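[1] make a model of this:
(one chain, ligands or ions: 3)
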Amino acid sequence: MWWGDVNKPITPEIFDDLYETAINHMNSKEKLYVADVYCGANKATRRKVRFVHEMAWQQHFVTNMFIRPEQGDEITGEHDFTVINACSETNKKWKEHNLNSEVAVAFNIEKKVAVILGTWYGGENKKGIFSLMNYWLPMNGIMPMHCSANVGKSGDTALFFGLSGTGKTTLSADPERALIGDDEHGWDDDGVFNFEGGCYAKTIDLSEQTEPEIYRAITQNAMLENVAIKDDNVPDYFDTSKTQNGRVSYPIFHIPGYHEPQQAGHPKNVIFLTCDAYGVLPPVSKLTSGQALYQFVSGYTSKVAGTERGITEPTATFSACFGAAFLTLHPTRYAELLQEKLEKHDSSAYLVNTGWTGGGNGVGKRMSIKDTRACISAILDGSINDSEFETDDIFGFAMPKTLGTVDPNVLNPKNAWADKEAYDAAAQKLSGMFKENFKKYSDAENDYTKYGPL
Ligand SMILES: Nc1ncnc2c1ncn2[C@@H]1O[C@H](COP(=O)(O)OP(=O)(O)O)[C@@H](O)[C@H]1O
Ligand SMILES: C=C(OP(=O)(O)O)C(=O)O
Ligand SMILES: [Mn+2]
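    Ligands and ions are numbered 1, 2, ... in the order given. You can find the predicted model right below:
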């Protein structure tokens with residue numbers, strides 16, 4: 001276990017106490033909801049999960065998001081895990097338990113049970129099981145990944161890694177390609193497979209024009225969460241009074257041309273999405289395999305508003321493997337798996353900045369979805385390889401000088417800034433942050449420090 005900021009140990013006695021609180025609460029209800037679902041599209045390695053809920057809508061969430069047994073098919077045999085979600089109850093003894101708040105999300109791997117108290121976030125159901133997949137799968141040499149995946153007409157698979165809000169869901173919904181999944185995947189000896197059976201898209205500023213597939217997926221059985229509703233019962237995706245993290249969950253088959261089964265071959269392209277709030281990183285750059293591992297372990301991006309308590313504007317962070325919150329083992333364990341798989345399958349790696357350009361947050365603006373999509377298309381159709389590249393002085397990234405319809409002045413981030421000195425200062429600052437962050441990985445068996453910025 002990677003104990004630290006993310007995973008906090010508790011004693012078996014505290015777990016039992018939380019469990020009892022949840023069970024007593026559930027026993028006071030007249031009705032409970034039970035769903036048996038799978039996590040993992042690969043039948044050989046999928047896990048059986050049972051959810052017990054007090055809220056019908058939470059039950060609908062897991063029905064949308066996990067893999068449903070075929071119609072008429074029941075999940076038999078022992079479950080790999082059971083989640084008791086008592087969201088409307090809280091842990092009143094949190095101070096006595098030395099915990100942070102009355103919210104508790106607690107896992108007992110020996111008893112194969114998790115308890116959720118005090119949080120109503122639908123995503124909690126899936127992210128807890130994702131954390132377990134991050135614990136189980138590496139034991140069998142399978143890489144769990146916080147990424148979306150899709151496949152092109154010639155069978156070429158692409159992965160899009162990224163922390164919350166960086167564009168996994170938005171950019172993997174591509175009319176030219178079949179969607180495998182938008183958030184959690186595994187990479188085994190056969191290729192890539194989805195853990196989930198649905199998608200969980202952000203609804204902030206959602207429009208049919210910029211994100212048509214997602215907009216149109218909001219139809220019967222899709223479920224909106226924390227979205228404002230106007231007087232005429234129509235959702236208002238531009239009203240963020242509840243939170244900026246408004247969501248919709250829907251089964252994967254709401255996306256036209258989704259890939260069935262949700263499995264595909266080894267990835268040809270691996271893309272790291274970063275939402276750079278400083279506006280320093282290029283919109284697209286090609287990484288050497290060493291740079292890919294350095295960037296993967298660093299996981300530089302920003303937390304977007306509404307995803308964590310206290311985050312109200314984009315805030316720079318280093319989230320290892322682009323999903324530190326879900327890692328149960330040390331980041332270098334996942335990096336070793338990535339290294340082995342990238343080498344074996346000769347996959348290319350790219351860094352794509354879906355964040356700011358022309359200045360940091362407050363000065364510049366967020367990269368347009370249109371420009372980001374143009375960069376991604378050029379990677380996926382291979383045309384980026386026809387570009388002439390230049391090397392970034394500080395980060396050492398190879399940046400294309402021209403690329404299809406993308407404004408060449410955006411491709412080199414310094415050109416996009418009016419104030420060149422301010423750019424240099426911001427780039428130096430960010431480089432220093434990378435180096436400071438990476439110190440904690442420099443004594444690892446495989447030290448990737450040399451692939452970082454100067
Ligand atoms: N250049 C861009 N690329 C991708 N998404 C963008 C971009 N600019 C704005 N966005 C918005 O950022 C959000 C990305 O969220 P999402 O795709 O759900 O991220 P993730 O799946 O990684 O959590 C969406 O609301 C999208 O409309
Ligand atoms: C559900 C989540 O994942 P993502 O934002 O990456 O879709 C989340 O982080 O709450
Ligand atoms: Mn998402």
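[2] ramachandran coordinates for the one residue in the chain that gets nearest to ligand 2?
    Using C-beta to the nearest ligand atom, the closest approach of the chain to ligand 2 is made by Ser164 at 3.1 Å. Placement of C-beta: from N, CA and C, glycine included. Dihedral angles of Ser164 (phi, psi; degrees, to the nearest 10) stand at phi -50, psi 130.
[3] OK, contacts around it?
    By C-beta atoms under 8 Å, 6 or more residues apart in numbering, the contact set of Ser164 is 245, 303-304, 307.
[4] select only the buried ones of the residues you listed in ChimeraX?
    Remark: buried members of the contacts of Ser164, expressed as a ChimeraX selection using 16 or more other C-beta atoms under 10 Å:
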select :245,303,304,307
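[5] one step back: state the pLDDT value of the residue of the chain closest to ligand 2.
    As predicted, Ser164 sits at a pLDDT of 92.
[6] how far away is it from Gly123?
    9 Å (C-beta to C-beta, to the nearest Å).
[7] for Asp80, same thing?
    20 Å.
[8] can you list the contacts of Ser164 in TSV and add secondary structure?
    TSV is the format used below for the contacts of Ser164 (DSSP: H, G, I helix; E, B strand; the rest coil):
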residue	secondary structure
Asn245	coil
Lys303	strand
Val304	coil
Thr307	coil
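[9] check the contacts of Ser164 and tell me the two furthest apart.
    In the contacts of Ser164, two members sit farther apart than any others by C-beta to C-beta. They are Asn245 and Lys303, at 10.8 Å.
[10] quick one, longest helix in this structure?
    Counting by DSSP state H, the longest helix found in the chain is helix 420-438.
[11] pull out the buried positions in it.
    Judged by neighbour count using 16+ other C-beta under 10 Å, the buried positions of helix 420-438 are 423, 426-427, 430-431, 433-434, 437-438.
[12] can I get those in a markdown table with pLDDT and distance to Thr119?
    Listed next are the buried residues of helix 420-438 as a markdown table, based on pLDDT from 0 to 100; distance: C-beta to C-beta, whole Å:
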| residue | pLDDT | distance to Thr119 |
| --- | --- | --- |
| Tyr423 | 96 | 41 |
| Ala426 | 94 | 36 |
| Ala427 | 95 | 38 |
| Leu430 | 95 | 33 |
| Ser431 | 96 | 37 |
| Met433 | 96 | 31 |
| Phe434 | 97 | 33 |
| Asn437 | 97 | 28 |
| Phe438 | 97 | 32 |
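[13] from those residues, pick the one nearest Gln59.
    Asn437 (40.1 Å).
[14] from the buried residues of helix 420-438, list the ones also adjacent to ligand 2.
    Among those, not one lies near ligand 2 by C-beta under 6 Å from any ligand atom.
[15] which one of those residues is nearest to Thr328?
    Asn437 (20.4 Å).
[16] so how far is ligand 3 from that closest one?
    To ligand 3, Asn437 is 24 Å away according to C-beta to the ion, to the nearest Å.
[17] can you pull the contacts of Leu18?
    Contacts of Leu18 (C-beta under 8 Å, 6+ apart): 91, 97, 104, 106, 115, 117.
[18] so the nearest residue to Glu211 once chain neighbours are set aside, which state does it fall into?
    Distances taken as C-beta to C-beta, 6 or more residues apart in numbering place Thr170 nearest to Glu211, at 5.9 Å, with adjacent residues excluded. Under three-state DSSP, the three-state class of Thr170 is helix.
[19] pretty sure Thr170 contacts Glu213?
    No. Counting by C-beta atoms under 8 Å, Thr170 stays clear of Glu213, with 9.3 Å between them.
[20] more neighbours: which of these two?
    Taking neighbours as other C-beta atoms under 10 Å, Thr170 and Glu213 compare with Thr170 leading, 24 against 21.
[21] give me the neighbour count for Pro251.
    Neighbour tally, Pro251, other C-beta under 10 Å: 20.
[22] strands of the stretch 51-200 of the chain, start to end?
    81-86, 104-108, 113-117, 143-145, 147-151, 157-161, 178-181, 185-188, 191-194, 198-202 (DSSP state E, counting those that start in this stretch).
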